[in-house]
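Colleague: just coords:
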């Protein structure tokens, strides 16, 4: 089964919203809080090209931020990524 990872920081309202959205859809995920991990944030930015949080990935493939994750859920794209 595919793994969802949510990279977060604190405080972050969109991070909380993304986790709530996934939970409301019955999707399990692993949270990686990078609030106190400067090198982790830098590595994530190099990997994804994004500087904002949250960042949601499926098996290491970037879904996006909260808005992109919500759109992926609504369009069925997230389901497709999880099934791949």
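Modeller: Thanks, I have it. This one's a predicted model, so the numbers in the text were calculated from it and none came from an experiment.

Colleague: can you list the low-confidence ranges for the chain?
Modeller: Counting by pLDDT under 70, the chain has low-confidence residues at 1.

Colleague: please enumerate the strands of it.
Modeller: 4-8, 30-33, 55-58, 61-64 (DSSP state E).

Colleague: for the third one, what is the distance to the chain centroid?
Modeller: Distance of strand 55-58 from the chain centroid (C-alpha atoms, centre = their mean, to the nearest Å) equals 3 Å.

Colleague: give me the sheet partners of that strand and which way each runs.
Modeller: strand 4-8 (antiparallel), strand 61-64 (antiparallel) (DSSP bridges).

Colleague: tabulate those strands (a markdown table), appending mean neighbour count.
Modeller: Bear in mind the C-beta positions are built from the backbone N, C-alpha and C, glycine included. Listed next are these as a markdown table, based on neighbours: other C-beta atoms under 10 Å:
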| stretch | mean neighbour count |
| --- | --- |
| strand 4-8 | 20 |
| strand 61-64 | 16 |
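
Colleague: which of those sits closest to residue 82?
Modeller: The closest of the strands paired with strand 55-58 to residue 82 is strand 4-8. By C-beta to C-beta, the value is 7.5 Å.

Colleague: what's opposite the spatially most central residue of the chain in the beta bridge?
Modeller: Nearest to the geometric centre of the chain sits residue 56, at 1.4 Å (C-alpha atoms, centre = their mean). On the basis of DSSP bridges, residue 56 is bridged to residue 6, residue 64.

Colleague: tell me how far it lies from residue 43.
Modeller: Per C-beta to C-beta, to the nearest Å, residue 56 is found 17 Å from residue 43.

Colleague: residue 34 contacts residue 43, correct?
Modeller: No: using C-beta atoms under 8 Å, residue 34 makes no contact with residue 43, being 9.2 Å away.

Colleague: what does stretch 67-76 contact?
Modeller: With C-beta atoms under 8 Å, 6 or more residues apart in numbering as the test, stretch 67-76 has contacts from 18, 21, 22, 25, 54, 56, 63, 64, 77, 78, 79, 81.

Colleague: related to what we said a few turns ago, just put the strands of the chain in CSV and tack on distance to residue 14.
Modeller: Shown next, in CSV, are the strands of the chain (distance: least, C-beta to C-beta, whole Å):
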stretch, distance to residue 14
strand 4-8, 9
strand 30-33, 14
strand 55-58, 10
strand 61-64, 11
